[in-house]
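Q: here is my input; please provide its structure:
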Amino acid sequence: MKNSEKIHCFLLPTLMLLSIIPSTFVGAVGGQSDVQMFWPLSIKPIQPIEGIGEDFIRGADISSLEKVEFYGGKFFDNGKERDALDILKDRGVNWIRLRIWNNPVSFGGFCDKESTVRMAKQVKEHGFKLLLDFHYSDEWADPSHQTKPAEWADLSFEELKQAVYDYTYEVMSELKEVGALPDMVQIGNEIRSGMLWPDGKTWGEGVGGFDGLAELLKSGIKAVHDVAGDEPIKIALHLDNGHDNSAYRWWFDEITKRGVEFDVIGISWYPYWHGTLEQLKYNMNDISERYDKDVAVFETAYGFTLEDADGHPNIFGPEERDKAGYPASVQGQADLLYDVFKAVAEVPNNRGLGVFYWEPTWLGVEGAGWIEGEGNAWENQAMCDFDGNALDSLYVFGGIVGPVVVGYEPVKVQTELHVKPKLPEIVRVWYSDGSFQNVKVTWESINEEAYQNEGSFSVMGEVEGTSKPVIATITVKPI
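A: Sure, this is the predicted structure:
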């Protein structure tokens, strides 16, 4: 549908404006309008970002989803229970990121090889591209924790390199067997301080240093390529502290001089930990040019509330909100995500690949905590509310590419007892950029019994080009 075919809010004649139900302030992420009228979302319209096309990564890390669902977590779209992957797909997510641990006993076994293969198969069947995140650990791996898997603890360095190769090869082979080869693989997670300590630690006495780290990375990379063959799988190296340009220069200078071959620099940037958005921009622009590599934000997130769902202290609170400078609201979450997408899209020479939001489906359900026996510290940064209802901030994923359907003008019809209601042939469809269009709707058949008694009932309708149903509320009144 061409934009010129739509009716935009600010072009409406005054008389038409007066006929529309005033409800919510309609502005725009990155801009504002002073028009008031019906608007179906709780956030302001989302303007497409120049330079972002369908292939731009609009990703979500859903590594904890299987655990959430195992413990009873459910997801809803406008009140209707749906598969979380279907909701993400409809909102415009096109990539999924999954982490893999060797033997995650402390996480209840989820995110191990078997779990990852199951999830990867579902991801591919839903039409997503896949980023696989090897932690090479039995637990969380980050700059403060890069603990070897227990089975590898006593291996010599040469044995450790072989273990990295064998394990990576085994995982990739099983994914290939089920038709779920990843499109990108990261070797290690947030490895500024290295991985598989001490053999691959980048600093300190008695450690392998960059020489050891480089050899371990090469083992993992070789295994990926040996399984992939001619499949074009990108290799990513991922660091935290996305604002710290000096750290990125230090680390990648050392890695590149040792001949580690890779394609993408992955970045973690959380606005309450990792400096300013301007620092992130500077770093991405610099390192993409310095190393002639593509860059992507592999992790970012923001709280939609300061409330807590499970009694376990959350990472995001008033201090984090104040440091980041966005409100703790659905709008604040949408604004943060939009701004990060825009920053990556503006990396020169089309070197910015996209963004992954970290754990938008990690609900605070009992049992699905950080480790066994603990609660979840992340549920107020998910992109679903505490009951699993999809938040309107999810529309940012699709809205940055172009206008997507976000809702309909309410359809309310009255009829008398025993009189079949006449439903409208046209409904007003609203789009993510604040525009709307009158579109033909096809209604489901109405059961004759539905209007034989006083009261209300609903009828579903379909609009071509979207899976979002139209719902008509029909009120039956006495004669």
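Q: how near is Glu125 to Leu85?
A: 9 Å (C-beta to C-beta, to the nearest Å). Any C-beta I mention is one placed from the backbone N, CA and C, and that applies to glycine too.
Q: cool, Pro198 as well?
A: 39 Å.
Q: among those two, which residue is more densely surrounded?
A: Leu85 (22 against 15; other C-beta atoms under 10 Å).
Q: isn't there a helix covering the more buried one?
A: Yes - applying DSSP: H, G, I helix; E, B strand; the rest coil, one finds Leu85 inside a helix.
Q: ok, and the closest non-adjacent residue to Glu374?
A: His312 (6.3 Å; C-beta to C-beta, 6 or more residues apart in numbering).
Q: just Gly109 next, same as before
A: Ser115 (7.0 Å).
Q: from the chain's centroid, how far away is whichever helix or strand that neighbour is part of?
A: Mapping Ser115 onto the secondary structure by DSSP states H and E places it in helix 113-125. Per C-alpha atoms, centre = their mean, to the nearest Å, the displacement of helix 113-125 from the mean C-alpha position of its chain is 17 Å.
Q: tell me the helix or strand right after that helix.
A: Following helix 113-125 in sequence, per DSSP H and E, is strand 129-134.
Q: list the helices and strands the next helix or strand along the chain from that following strand packs on?
A: Next helix or strand after strand 129-134 toward the C-terminus (DSSP H and E): helix 157-177. Counting contacts by 3 or more C-beta pairs under 8 Å, 6 or more residues apart in numbering; DSSP states H and E, helix 157-177 packs against helix 113-125, strand 129-134, helix 209-228.
Q: mind putting those into TSV with mean pLDDT and distance to Phe436?
A: Converted to TSV, the helices and strands packed on helix 157-177 look like this (pLDDT from 0 to 100; distance: least, C-beta to C-beta, whole Å):
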stretch	mean pLDDT	distance to Phe436
helix 113-125	98	33
strand 129-134	98	32
helix 209-228	98	46
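Q: give me whichever of those is most buried.
A: Highest mean neighbour count of the helices and strands packed on helix 157-177: strand 129-134, a mean of 24 (counted as mean count of other C-beta atoms under 10 Å).
Q: what comes into contact with that strand?
A: Strand 129-134 is contacted from outside by 57, 59, 61, 63, 94-100, 116, 120, 123-124, 168, 171, 175, 180-189, 220, 236, 238, 298, 356, using C-beta atoms under 8 Å, 6 or more residues apart in numbering.
Q: over to the residue positioned nearest the centre of the chain. Which of the three states is it?
A: The residue lying closest to the centre of the chain (C-alpha atoms, centre = their mean) is Ala60, at 2.4 Å. Recorded secondary structure, Ala60: strand (three-state DSSP).
Q: please report the distance of it from Asp240.
A: Distance, Ala60 to Asp240, using C-beta to C-beta: 19 Å.
Q: what lies in contact with stretch 419-432?
A: 6, 39-40, 45-46, 395, 398-399, 403-409, 411, 413-415, 436-441, 443, 446, 448, 451, 459, 461, 463, 466, 470, 472, 474, 476.
Q: quick check: end-to-end length of that stretch?
A: 37 Å (C-alpha to C-alpha, to the nearest Å).
Q: show me how the chain divides into domains.
A: Following automatic domain parsing, the chain resolves into domains at 3-45+404-477, 57-399.
Q: can I get those in a markdown table with distance to Gly51?
A: Shown next, in a markdown table, are those (distance: least, C-beta to C-beta, whole Å):
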| stretch | distance to Gly51 |
| --- | --- |
| domain 3-45+404-477 | 14 |
| domain 57-399 | 5 |
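Q: most neighbours per residue, which of the ones you listed?
A: domain 57-399 (a mean of 20).
Q: distance between it and the chain's centre?
A: 10 Å.
Q: now swap in stretch 460-479 and tell me
A: 31 Å.
Q: can you list contacts of it?
A: 1, 78, 90, 404-408, 410-418, 421, 423-424, 427, 429, 439-444, 450-451, 453-459.
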